[in-house]
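Student: Prediction below, plus the sequence it came from.
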Amino acid sequence: MKKLILFIFVIFCTVISNAQGFSIKKLSQQTINRNLNKSAYSIEYSKYQASAFAVENELPKNFKRDGSVDYTASIQRALNNNDVVILPNFPVLIADKGLVLRSNQVLLFQPNSILKLKSTSKPGYNILSIVNVSNVKVFYANIEGDKYSHLAKDGQWGFGITIKSSKNIILYSPYIKRTWGDGIYVGQSNNIPSEKIFIYNAVIDDVRRNGISITSAKDIDITNCYIANTNGNSPESGLDIEPNSFNDIIENVNIRNLNTYNNKWSGLLIVLEQFKSNKDKTISINIDGHNDNGSKNAAAFHGYKNSQYNNLSGTISLANTNYRNNSQKTLLYKTSMSKLMLKTSDKDLENKFNSFKRK
């Protein structure tokens, strides 16, 4: 009888939990600081700090330090005229046109620096834009979007940091939260993929679409990143590798020690639908260390809806995973994986993946 009562109680709690749906789980400051691990890059930061131009020198007299005034033009002027720039040690309001970085530029955030987006009705924005440039370093970016104050309901393209068609880009310990779309977007324009992109110790929290989206990249390393609470607009996942067209590139994408937590749909998502073609396409994705706690799916894979195409080859490697508190640890959509290979120690996942392959 006691076992029956306990069983009924567990079922009741599960039903109530499911009915309540998704809820954000606040990150402690200790968790944020530990994962950002800024001390790992302090020596290099100090090297640039010594020669950096201070944005405060461009601000008007009697400037505000409370993030209530838009200083976009002043910061952009500093970026246009100086290779190494350090932001003020207080929050600054940024207009929806965002800030644009040049080639061979270094941008430093101080402990209290925040770029806070001024609420907008635009369906898309780039708070920090790194497009068609090379050799850029950004230290300790602290960026906040307008997810909860957005002035319209349309769109999903409000990004914290956008990297397109750029090369040799390094982001050290970026902290991005509450954007209308993705925290970080890596892709291409004019069929030129981003190349040699390095993202270290990112913390991305409560953004609306994806924590990090990779749509077109070659030789990209994402290391020691923590992505939590992604929710609001599909696909609502931590890290999403998803090309937009056949012309995109997914080559030598390396994910190391990825931690995802309480993302509404999936911690890791790989969607390859847009690669279907009569032309061959090869991809390579290497994932070494993925820990997920509490996302609906820890990892999800999506091939081709239309199985007549069999042009996709290459390898996805998935090693050293730790998944808990998920509705499903791994989700495979019932789609064709073409000739793609999955290398993993999870034999059940490997067998299921192979069952969707075309010979």
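Tutor: Received the coordinates, thanks.

Student: who does V186 bridge with?
Tutor: Bridge pairing for V186 (DSSP bridges) gives the partners I163, I214.

Student: Please report the number of neighbouring residues for it.
Tutor: Neighbour count for V186, taken as other Cβ atoms under 10 Å: 26. From N, CA and C alone the C-beta is placed, and that goes for glycine too.

Student: And for F356?
Tutor: Number of residues near F356 (other Cβ under 10 Å) recorded here: 19.

Student: cool, and N37?
Tutor: Using other Cβ under 10 Å, N37 is surrounded by 15 other residues.

Student: Offset the numbering so it begins at 11, please.
Tutor: I'll keep to 11 as the first residue from here, and by that count the last item is N47.

Student: my read: it touches T233, true?
Tutor: No: between N47 and T233 there is no contact under Cβ atoms under 8 Å: 10.6 Å.

Student: Once you drop chain neighbours, what's closest to Y236?
Tutor: N45 (4.0 Å; Cβ to Cβ, 6 or more residues apart in numbering).

Student: ok, now which ones touch the one you found?
Tutor: Contacts for N45 (Cβ atoms under 8 Å, 6 or more residues apart in numbering) come out as N211, V213, N234, C235, Y236, N269.

Student: Got phi/psi on it?
Tutor: Per-residue torsions, N45: phi -80, psi -30 (degrees, to the nearest 10).

Student: can you check L279 too?
Tutor: When read as degrees, to the nearest 10, the backbone of L279 gives phi -130, psi 130.

Student: The residue nearest to it when sequence neighbours are not counted: neighbour count?
Tutor: Among residues not flanking L279 along the chain, S247 sits closest, at 4.0 Å (Cβ to Cβ, 6+ apart). Residues lying near S247 (other Cβ under 10 Å) number 31.

Student: Mind pulling the model confidence for S247?
Tutor: S247 is assigned 98 on the pLDDT scale.

Student: Can you tell me which helix or strand of this protein has the lowest average pLDDT?
Tutor: Every helix and strand in the chain was compared by mean pLDDT, DSSP states H and E; the lowest is helix 12-30, with a mean of 41.

Student: was I right about L350 contacting K367?
Tutor: Yes: L350 lies in contact with K367 (Cβ under 8 Å); the separation is 6.9 Å.

Student: which of the two has more neighbours?
Tutor: Neighbours per residue (other Cβ under 10 Å) separate L350 from K367, with L350 holding more: 26 against 16.

Student: So what pairs up with the closest residue to the more buried one other than its chain neighbours in the strands?
Tutor: Nearest in space to L350, with sequence neighbours left out and distances taken as Cβ to Cβ, 6+ apart, is L322 at 5.4 Å. Counting by DSSP bridges, L322 forms beta bridges with K291.

Student: Does L322 touch F285 like I think?
Tutor: Yes: assessed by Cβ under 8 Å, L322 is found in contact with F285 at 5.5 Å.

Student: what sits in contact with each of those two?
Tutor: With Cβ under 8 Å, 6+ apart as the test, L322 and F285 both reach K291, I293, Y314.

Student: picking that back up, shared neighbours, N47 and T233?
Tutor: N211.

Student: what about M351, how many neighbours?
Tutor: 14.

Student: Not counting sequence-adjacent ones, nearest residue to it?
Tutor: Leaving aside its chain neighbours, M351 sits nearest to T325 (4.7 Å; criterion: Cβ to Cβ, 6+ apart).

Student: Which positions within whichever strand or helix holds the one you found qualify as buried?
Tutor: Per DSSP states H and E: T325 is located in strand 322-334. Residues L322, G324, I326, L328, T331, Y333 are the ones in strand 322-334 that count as buried (16 or more other Cβ atoms under 10 Å).

Student: How far off centre is that strand?
Tutor: 18 Å (Cα atoms, centre = their mean, to the nearest Å).

Student: What helices and strands are in contact with it?
Tutor: Applying 3 or more Cβ pairs under 8 Å, 6 or more residues apart in numbering; DSSP states H and E, one finds that strand 322-334 contacts strand 291-303, strand 307-312, strand 351-354.

Student: Would you mind pulling the contact partners of it?
Tutor: Strand 322-334 is contacted from outside by 277, 280, 282, 285-286, 290-304, 308-309, 311, 313-314, 339-340, 347-356, 359, using Cβ under 8 Å, 6+ apart.

Student: among those, which ones are buried?
Tutor: Neighbour counting with 16+ other Cβ under 10 Å marks 277, 280, 282, 285-286, 291, 293, 295-297, 299-304, 308-309, 311, 313-314, 339-340, 347-348, 350, 352, 354, 356, 359 as buried within the contacts of strand 322-334.

Student: where along the chain do the helices fall?
Tutor: 12-30, 39-46, 52-59, 82-91, 357-364 (DSSP state H).

Student: burial measure for N335, as a count.
Tutor: Number of residues near N335 (other Cβ under 10 Å) recorded here: 12.

Student: Report the contact partners of it.
Tutor: Contact analysis of N335 by Cβ under 8 Å, 6+ apart lists N303, G304.

Student: What pLDDT is listed against K48?
Tutor: For K48, the model assigns a pLDDT of 98.

Student: what pLDDT does the spatially closest residue to it that is not a sequence neighbour get?
Tutor: Spatial nearest neighbour of K48, chain neighbours left out: S183 (4.9 Å); criterion: Cβ to Cβ, 6+ apart. Note on S183: pLDDT of 99.
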